[in-house]
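Engineer: no sequence on hand, only this structure:
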């Protein structure tokens, strides 16, 4: 009995220590970036480097807030991410419900083809996308970049939402149809509320992925239409990099995405839990 109690205490202690080590390892780069953003331009390049600022300064944040990062790049990123994630979730819900509830000739092949799109590297399409945007006179526009984000986010979102729709008993829909509901009403009033954790999970994943996207935004956007990740280049000159300004910009860019995640975290963790139970 004593040995068993000691073993359980050791397991608990070992688990907590291991998780604490992993948490520190994961959070250290973020904390170091945060501390660097409060340093002066001179103290950043001191040797040996220090974790905490010797002299706290808002120099980096003042530079960022007086730049195009706040006026153009961050709003562009937010609009692109929100619109893309909303369109992806809307279209993915319709597709997932169709694949789950209606079987037609070639439906399985179509599902596998959609899954196969996820395996194609995005770098493969950079030149075709650039040529297409140039021919359509859409180069440097948010509309074109949003359409690309929607196209790339759809396959992943369809498979996420599809797993949640499959777990909903079809008897609930049949009962609603007996009461007079049509297929569209059944989907919106029966399936949609029950699949909401999956929709939120897909929304968050697409939102964060779009928020951090760099390659397509670098090639296809110019001028004031650029996104925040591309706008970081404005804080780099030919001869020097203002690391305190860079890190301040990184913190500013990270904050909106973090707030969106915190606002929707409850539904996101519900989706993770349901996925683990079904798995």
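Structural biologist: Right, received. Where do you want to start? Keep in mind that this is a model prediction, so the values were computed, not measured. Numbers count the residues shown, from 1 in each chain.
Engineer: now the residue nearest to the spatial centre of the chain. Nearest residue, chain neighbours left out?
Structural biologist: The centre of the chain sits closest to residue 208, judged by C-alpha atoms, centre = their mean, with a distance of 1.5 Å. Leaving aside its sequence neighbours, residue 208 sits nearest to residue 257 (C-beta to C-beta, 6 or more residues apart in numbering; 5.8 Å). In this view, the C-beta of every residue, glycine as well, is placed from N, C-alpha and C.
Engineer: where does that neighbour fall, phi/psi-wise?
Structural biologist: phi -60, psi -40 (degrees, to the nearest 10).
Engineer: that one against residue 206, yeah?
Structural biologist: No - using C-beta atoms under 8 Å as the test, residue 257 is too far from residue 206 to be in contact (11.9 Å).
Engineer: between those two, which is the more surrounded one?
Structural biologist: residue 206 (26 against 19; other C-beta atoms under 10 Å).
Engineer: now do the same contact list for the more buried one.
Structural biologist: For residue 206, the contact set (C-beta atoms under 8 Å, 6 or more residues apart in numbering) comprises 84, 85, 88, 89, 149, 153, 156, 157.
Engineer: 7 Å instead, please
Structural biologist: Each residue near residue 206 by C-beta atoms under 7 Å, 6 or more residues apart in numbering is listed here: 84, 85, 88, 153, 157.
Engineer: distance of the last one relative to residue 108?
Structural biologist: The span separating residue 157 from residue 108 equals 19 Å under the rule C-beta to C-beta, to the nearest Å.
Engineer: who's more crowded, these two?
Structural biologist: residue 157 (26 against 11).
Engineer: from residue 129, how far out is that one?
Structural biologist: For residue 157 relative to residue 129 (C-beta to C-beta), the value is 20 Å.
Engineer: next one: residue 117
Structural biologist: Taking C-beta to C-beta, one finds residue 117 at 14 Å from residue 129.
Engineer: quick one on the thing from earlier: list just the nearest of the contacts of residue 206 to residue 52.
Structural biologist: residue 85 (36.8 Å; C-beta to C-beta).
Engineer: in which helix or strand would I find the residue nearest to the centre of the chain?
Structural biologist: Assessed by DSSP states H and E, residue 208 sits inside helix 196-212.
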